[in-house]
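1. Got a predicted model here, sequence first, then my questions.
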Amino acid sequence: MRRLLLLLLTMPVAACVNFGAKPPERLLSLSAKASLDGGTLRTGATGNSLIVGFPETPRMLETSRVPVQIDDVSVAYLKGGQWVDQPGRLFQRLLSEVISAKTNRVILDPGLFGGEPATRLSGELLRFGVDARSRQALVTYDATLLGSDGSTVTKKRFSATRPVSEIDAVPVGGALNDAANDVADQVAQWVAQ
């Protein structure tokens, strides 16, 4: 009985102990500046739909941390903030939302409709961070559009920059969100042609 009582008394103290890493001060995300209203219905032939794939990313973007290019060969990570998910996944969701809002295309999830005959948008998110020297947030995306018949391939690079007042989580997050929305808007215009 004594052991049970002792165990019950120590449990609340054990719940207060944290063995994990200290959480970041801020978690950053991307939000689309153009999105569909609730209840919007889109229909279309499968061949006219668009599958927006997850972009390939360089190693420095395969983390939830925000890269800061210090010089030509040195990269550090932003202190005090990190993404809620990897930048490639965040950008893919933003891209899907903006293309859906700005075009009449039905956007399909690549995980659910991978084998369907549809136009496919894939690419590589080359830059998604901050250049400390120029104090600019940079987003560069190489897009590849594969026609639904599989015979047409088109590739184009899209890029946007935004000034960053200081290299801190709030201004960097806002500048990267603006630049990512700019790139997504450029891609939506290209896809709509």
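-> Done, it's in. Bear in mind the structure is a predicted one, so any value in this text is a computation, not a measurement. Numbers count the residues shown, from 1 in each chain.
2. what about the longest strand in this structure?
-> strand 119-131 (DSSP state E).
3. packing partners for that one?
-> Judged by 3 or more C-beta pairs under 8 Å, 6 or more residues apart in numbering; DSSP states H and E, strand 119-131 is in contact with strand 50-52, strand 65-69, helix 87-102, strand 136-146, helix 169-192. Every C-beta, even on glycine, is put in place using the N, C-alpha and C of the backbone.
4. In terms of mean pLDDT, which of those ranks lowest?
-> Among these, strand 50-52 carries the lowest mean pLDDT, at a mean of 88.
5. Listing partners with orientation, what would you give for that strand?
-> strand 107-108 (parallel), strand 119-131 (parallel) (DSSP bridges).
6. could you dump the ones you listed to a markdown table with mean neighbour count, mean pLDDT and distance to Tyr77?
-> Output for the strands paired with strand 50-52, formatted as a markdown table (neighbours: other C-beta atoms under 10 Å; pLDDT from 0 to 100; distance: least, C-beta to C-beta, whole Å):
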| stretch | mean neighbour count | mean pLDDT | distance to Tyr77 |
| --- | --- | --- | --- |
| strand 107-108 | 20 | 82 | 32 |
| strand 119-131 | 21 | 95 | 9 |
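7. Could you measure from Asp168 over to Arg26?
-> Distance of Asp168 to Arg26, computed by C-beta to C-beta, to the nearest Å: 9 Å.
8. shared neighbours of those two, anything?
-> Counting by C-beta atoms under 8 Å, 6 or more residues apart in numbering, the shared contacts of Asp168 and Arg26 are Gly80, Gly81.
9. re the thing from before, and of the strands paired with strand 50-52, who's closest to Val139?
-> Closest of these to Val139 is strand 119-131, at 5.5 Å (criterion: C-beta to C-beta).
10. Noted, bye for now.
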